[in-house]
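1. need a 3D model of the following:
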Amino acid sequence: MRKTDRIFVAGHRGMVGSAICRALAKAGYENVVTRSHKELDLLDPGAVRDFYVAEKPDVAVIAAARVGGIGANSAANAKFLYENEMIAMNTIWNAAEAGVKRLLFLGSTCIYPRMAPQPIPESALLTSELEKTNEGYALAKISGLKLCEFLRRERGLLYHSLMPTNLYGPGDNYDIVHGHVLPTLIRKFETMKDAVPLWGTGSAIREFLHVDDLASACLFALALENPPDLMNVGSGEEVTIRELAEAVKAATGSSAKIEWDSSKPDGTPRKLCDTSLIRSLGWKPEIGLEQGLEMTVASYRAEVESGTVRL
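-> Purely as a prediction, here's the structure:
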């Protein structure tokens, strides 16, 4: 990718897309094209096709998606499947039809089976059943990465994918019902003074990556002349949800009591991605969980103060 390339970032207002835009600007890429949802509906294939034809980007980074935590996913698998499938198909297929030579598609490690080997290698894809609570989202992301793979094989287009682990950082969605676990924890400990109710037993094991580290991985992948079709991106740090809750409690300075509701699901028992492939090529994360939590709590408070927080 050249500094003069015209780069389209889909989903630039989200946590991931905004981090990628920051990283591009910091690295000296000034020709970045963005569109808000009002300006371009990614669910509309005709609108997406017309956008690509008119704007003629050299590179596309697909960071747009409908996302949510375990509660939101399990309650609306159909909507998560439909909207994410449409976003993936429209942005990838129409990019190919319009002659976009390079595209980076961003998914999630939820594409892997519920009982995948740990750490999860890229080769675990489609080897057994998915986690039911987010199956719709996972299926849509699998379709997107496979479309990239097929277009690369059949048309010689440099379309490839990154699958990040659980993400957090500035610009996250702090909606208590629909948000992911870490931003939800931050908001609860910031706003609930006596008791903080949490789903499950806290025994599930997860890995978290600061979104600025993902952005650096995106630029790294786009700089590779012949990247793998699919690479995992993660921190390599494991933590139980119970340990995470205590860490967020400490980072916020809260004195609230944690109350676990074991009638609610824990989700996949353990999910650690194998990042040996991308690390072998020269990338590694820079932001540890403790530092990342401090940064994110500070960002949340600043967003609340400025009235820009997403709830």
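2. CA atoms for contacts and neighbours, from now on please.
-> OK.
3. and Ala64, what does it touch?
-> Residues in contact with Ala64 (C-alpha atoms under 8 Å, 6 or more residues apart in numbering) are Ala10, Gly11, His12, Gly14, Gly17, Ile87.
4. same thing but 6 Å
-> Ala10, Gly11 (C-alpha atoms under 6 Å, 6 or more residues apart in numbering).
5. per-residue pLDDT, it?
-> If you check Ala64, the pLDDT there is 97.
6. return the set of buried residues in the helix or strand hosting Glu294.
-> Here Glu294, judged by DSSP states H and E, is contained in helix 289-306. Buried residues in helix 289-306, counted by 16 or more other C-alpha atoms under 10 Å: Leu289, Gly292, Leu293, Glu294, Met295, Thr296, Val297, Ala298, Ser299, Tyr300, Arg301.
7. mind putting those residues in JSON lines, pLDDT and distance to Leu139 included?
-> Below are those laid out as JSON lines (pLDDT from 0 to 100; distance: C-alpha to C-alpha, whole Å):
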{"residue": "Leu289", "pLDDT": "97", "distance to Leu139": "29"}
{"residue": "Gly292", "pLDDT": "98", "distance to Leu139": "30"}
{"residue": "Leu293", "pLDDT": "98", "distance to Leu139": "30"}
{"residue": "Glu294", "pLDDT": "97", "distance to Leu139": "34"}
{"residue": "Met295", "pLDDT": "97", "distance to Leu139": "33"}
{"residue": "Thr296", "pLDDT": "97", "distance to Leu139": "30"}
{"residue": "Val297", "pLDDT": "98", "distance to Leu139": "32"}
{"residue": "Ala298", "pLDDT": "98", "distance to Leu139": "35"}
{"residue": "Ser299", "pLDDT": "97", "distance to Leu139": "32"}
{"residue": "Tyr300", "pLDDT": "97", "distance to Leu139": "31"}
{"residue": "Arg301", "pLDDT": "98", "distance to Leu139": "35"}
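8. quick one on the thing from earlier: chain center to the helix holding Glu294, what's the gap?
-> Chain-centre distance of helix 289-306: 18 Å, with C-alpha atoms, centre = their mean, to the nearest Å.
9. then that helix to CSV, C-alphas only?
-> Coordinates of each C-alpha in helix 289-306 appear next as CSV, following Å, rounded to 0.1, in the frame of the first residue of the first chain:
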residue,chain,number,x,y,z
LEU,A,289,-4.4,-5.2,29.6
GLU,A,290,-3.7,-3.1,32.8
GLN,A,291,-2.4,-0.2,30.7
GLY,A,292,-5.3,-0.6,28.2
LEU,A,293,-7.9,-0.6,31.0
GLU,A,294,-6.5,2.6,32.5
MET,A,295,-6.5,4.3,29.0
THR,A,296,-10.0,3.1,28.3
VAL,A,297,-11.5,4.2,31.6
ALA,A,298,-9.9,7.6,31.0
SER,A,299,-11.3,7.7,27.5
TYR,A,300,-14.8,6.7,28.7
ARG,A,301,-14.8,9.5,31.3
ALA,A,302,-13.7,12.0,28.7
GLU,A,303,-16.4,10.8,26.3
VAL,A,304,-19.0,11.2,29.1
GLU,A,305,-17.8,14.7,29.9
SER,A,306,-17.9,15.8,26.3
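10. cool, thanks, signing off.
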